[in-house]
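**Q** the amino acid sequence is not available; the structure is as follows:
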């Protein structure tokens, strides 16, 4: 499957993001090679900075923008592509589904919360995007298989997936945690990712192309007292990712993981409300001295799915404000 040729163009935005001036784009006329999701053009040559497979760049504010400053943030053209996002009713999943749609992709959104799921899909369709809402409990492999199959039946193929659905559980002494709680967090956070990736790969394998991003966590990279079961599930996602990445890279399919730090999402807000997380301490633990945003995770996912990351295989990418670099 190919993605649309990208033009090197950009918009210079003022620090407040209100004023834009267009910069010259690539001259029209010549037909550029069309890049594939594995980062190569039709000639099989790896994309470089001067290759149209690299996404457009534009100047825009960061999330949130430092006062008086701008940053380069890539934009993508996924026209004709199909994305599958789990846990898409809110938070990082919804932000990523929205970003895929705004980049031109048709998006299948899945979530166990049907009200939130339908609201998210309606937001996208009302904005003129192609979106499909699929209720799905990722701990049930049959539901996962049905959701992935329905996506392909509806849109004709599957090019990108973000396996984001996950839960948090209350902190517990490792010696006292009930087995039922361990089983539940791993059924969703680990087995759910396994099931999604399994059925996504079946379709991508037939195509010979695709990109998958699994959601791990900074909890997949470090340990933390009271969080043994949750961290075990997120460490497991990285093991799944690296093994599948090695297996499928020769087949034109890239598999990577994103490892979010503490992100300002409904899940984190719920933890703060329950007294399971202190916001000030969480902000102080990240060298950037703030929580991340769902949109920042979405940007990382889109990059990992883009031709610009065509040589990126099996990574566990921290997007954590510097937490694991301390």
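**A** That came through, no problem. Keep in mind that this is a model prediction, so the values were computed, not measured. Residues are numbered from 1 along each chain as shown.

**Q** okay, CA-based contacts and neighbour counts for the rest of this
**A** OK.

**Q** quick one: list the elements packing against the longest helix seen in the chain.
**A** Longest helix of the chain, by residue count under DSSP state H: helix 228-248. Helices and strands touching helix 228-248, by 3 or more Cα pairs under 8 Å, 6 or more residues apart in numbering; DSSP states H and E, are helix 179-189, helix 191-207, strand 210-215, strand 253-260.

**Q** can I get the ones you listed in a markdown table with mean neighbour count and mean pLDDT?
**A** Shown next, in a markdown table, are these (neighbours: other Cα atoms under 10 Å; pLDDT from 0 to 100):
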| stretch | mean neighbour count | mean pLDDT |
| --- | --- | --- |
| helix 179-189 | 18 | 98 |
| helix 191-207 | 20 | 98 |
| strand 210-215 | 29 | 98 |
| strand 253-260 | 28 | 98 |
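
**Q** next, format those as TSV and append distance to residue 160.
**A** Conversion of the helices and strands packed on helix 228-248 to TSV gives the following (distance: least, Cα to Cα, whole Å):
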stretch	distance to residue 160
helix 179-189	19
helix 191-207	9
strand 210-215	5
strand 253-260	10
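
**Q** quick check: which of the ones you listed is nearest to residue 221?
**A** strand 253-260 (8.0 Å; Cα to Cα).

**Q** report the strands that pair with that closest one, each with its relative direction.
**A** Take DSSP bridges as the rule and strand 253-260 pairs in its sheet with strand 210-215 (parallel), strand 316-319 (parallel).

**Q** and those as JSON lines, adding distance to residue 176?
**A** Output for the strands paired with strand 253-260, formatted as JSON lines (distance: least, Cα to Cα, whole Å):
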{"stretch": "strand 210-215", "distance to residue 176": "27"}
{"stretch": "strand 316-319", "distance to residue 176": "30"}
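
**Q** out of these, which is closest to residue 245?
**A** Proximity to residue 245 (Cα to Cα) singles out strand 210-215 among the strands paired with strand 253-260, at 9.2 Å.

**Q** report the distance from that closest one to the chain centre.
**A** Distance, stretch centre to chain centre, for strand 210-215: 7 Å (Cα atoms, centre = their mean, to the nearest Å).

**Q** ok and it relative to helix 228-248, angle-wise?
**A** 170 degrees (axes from the mean of the first three to the mean of the last three Cα atoms, to 10 degrees).

**Q** quick one: strand 210-215 to helix 179-189, angle?
**A** Relative orientation of strand 210-215 and helix 179-189, computed by the same axes, to 10 degrees: 150 degrees.

**Q** list the buried residues in the one helix or strand residue 280 maps to.
**A** Using DSSP states H and E, residue 280 sits within helix 279-285. In terms of neighbour count (16 or more other Cα atoms under 10 Å), helix 279-285 has its buried residues at 279, 282, 283, 285.

**Q** poorly predicted segments of the chain, please.
**A** For the chain, applying pLDDT under 70 flags the ranges 1-72.

**Q** now the helices for it?
**A** Ranges of helices within the chain are 91-102, 114-126, 141-155, 179-189, 191-207, 228-248, 266-273, 279-285, 294-305, based on DSSP H.

**Q** of these, which is nearest residue 133?
**A** Proximity to residue 133 (Cα to Cα) singles out helix 114-126 among these, at 5.8 Å.
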